[in-house]
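A.B. asks: Sequence first, then the predicted structure:
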Amino acid sequence: MFRTLPKYSRFGLAEKLTDLTATTGRRPDELAQDALAGYLEELALLLDTLDTRYDDLKSGRVPPIDGDEAFARLRDKSEHRRSRPA
């Protein structure tokens with residue numbers, strides 16, 4: 001049924017597309033087109049965010065953070081979340 005997807009079989013995409021087609025009743029090309037459109041929209045938002053943050057760093061609006069300091073902040077934040085009662 002999906003002669004154009006064999007190169008993606010290692011990712012299980014053909015099987016996932018088959019399952020979604022059966023579940024939703026939509027054609028495989030419609031599902032693939034919607035998925036790609038959503039991916040490209042998210043990618044455009046990500047690139048815009050990265051551009052904005054880069055501009056903020058270059059202009060001095062936001063100070064750069066040392067890599068070790070950034071990881072330390074993430075570890076502290078994670079430990080704090082884990083130590084909270086559920």
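C.D. replies: Right, received. Where do you want to start?
A.B. asks: Work out the gap between whichever strand or helix holds A72 and the centre of the chain.
C.D. replies: In the assignment (DSSP states H and E), A72 maps to helix 67-83. On the basis of CA atoms, centre = their mean, to the nearest Å, helix 67-83 sits 22 Å off its chain's mean C-alpha point.
A.B. asks: what about it, average pLDDT?
C.D. replies: Average pLDDT, helix 67-83: 94.
A.B. asks: now swap in stretch 30-41 and tell me
C.D. replies: 93.
A.B. asks: quick one: buried residues of that stretch?
C.D. replies: L31, A32 (16 or more other CB atoms under 10 Å). Any C-beta I mention is one placed from the backbone N, CA and C, and that applies to glycine too.
A.B. asks: G67 and L40: what is the separation?
C.D. replies: 30 Å (CB to CB, to the nearest Å).
A.B. asks: make that L50, sorry
C.D. replies: 15 Å.
A.B. asks: Show me how far whatever helix or strand L20 lives in is from its chain's centre.
C.D. replies: Assigned by DSSP H and E, L20 falls within helix 13-24. Averaging C-alpha positions (CA atoms, centre = their mean) puts helix 13-24 21 Å from its chain's average.
A.B. asks: Now the element after it, going C-ward?
C.D. replies: That would be, after helix 13-24 and using DSSP H and E, helix 28-59.
A.B. asks: what's the spacing between that following helix and its chain's center?
C.D. replies: 9 Å.
A.B. asks: Tell me how far the residue nearest to R73 when sequence neighbours are not counted lies from E41.
C.D. replies: With sequence-adjacent residues excluded and distances taken as CB to CB, 6 or more residues apart in numbering, R73 is closest to I65, at 7.8 Å. Using CB to CB, I65 is found at 29 Å from E41.
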